[in-house]
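My questions concern the predicted model and sequence given below.
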Amino acid sequence: MNPSMTTKRTAIRTESRCIAAGASLAFVAALGDIVASIVLYTYETRPVSIEILSSLRLSETGVAAAFGVVLMLVSAIVLGVGARR
């Protein structure tokens, strides 16, 4: 086989996979956190962001605030543990 043809075939295979992976990541990033959560969740596995949004729609601001505080505390703990490493 011709070495340049082998290089082209290998590069095309590698680059096409990388381009597809990058495009899928860009698509999910363009959707945003809330939209991606809405698209991907099931009723049994509702993300906290969807639960907060549902509570706000039902005018349950106390429940939404409690979920927000829990989310901030969990985020602070995770960031604190990660900063120690």
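Ah, there it is. Numbers count the residues shown, from 1 in each chain.

which parts of the strand or helix carrying Val74 are buried?
Assigned by DSSP states H and E, Val74 belongs to helix 61-84. Residues of helix 61-84 classed as buried: Ala64, Phe67 (neighbour count, 16 or more other Cβ atoms under 10 Å). Any C-beta I mention is one placed from the backbone N, CA and C, and that applies to glycine too.

mean confidence score for it?
Averaged across helix 61-84, pLDDT comes to 92.

helices and strands around it, which ones?
The contact analysis (3 or more Cβ pairs under 8 Å, 6 or more residues apart in numbering; DSSP states H and E) places helix 61-84 against helix 48-57.

about what we covered before: contacts for the helix holding Val74?
If you take Cβ atoms under 8 Å, 6 or more residues apart in numbering as the criterion, helix 61-84 is touched by Val48, Glu51, Ile52, Ser55, Leu56.

Lys8: neighbouring residues, count only.
A count of nearby residues for Lys8, using other Cβ atoms under 10 Å, gives 11.

Equivalent analysis for Ile52, please.
For Ile52, the count of nearby residues is 20 (other Cβ under 10 Å).

who touches it in this structure?
Here Ile52 is in contact with Ala64, Phe67, Gly68, Leu71 (criterion: Cβ under 8 Å, 6+ apart).

export these to CSV and tack on distance to Ser4?
Below are the contacts of Ile52 laid out as CSV (distance: Cβ to Cβ, whole Å):
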residue, distance to Ser4
Ala64, 61
Phe67, 59
Gly68, 59
Leu71, 55
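
nearest to Thr10, of those residues?
Of all the contacts of Ile52, the one with the least separation from Thr10 (Cβ to Cβ) is Leu71, at 45.6 Å.

any idea of the mean pLDDT for stretch 39-53?
81.
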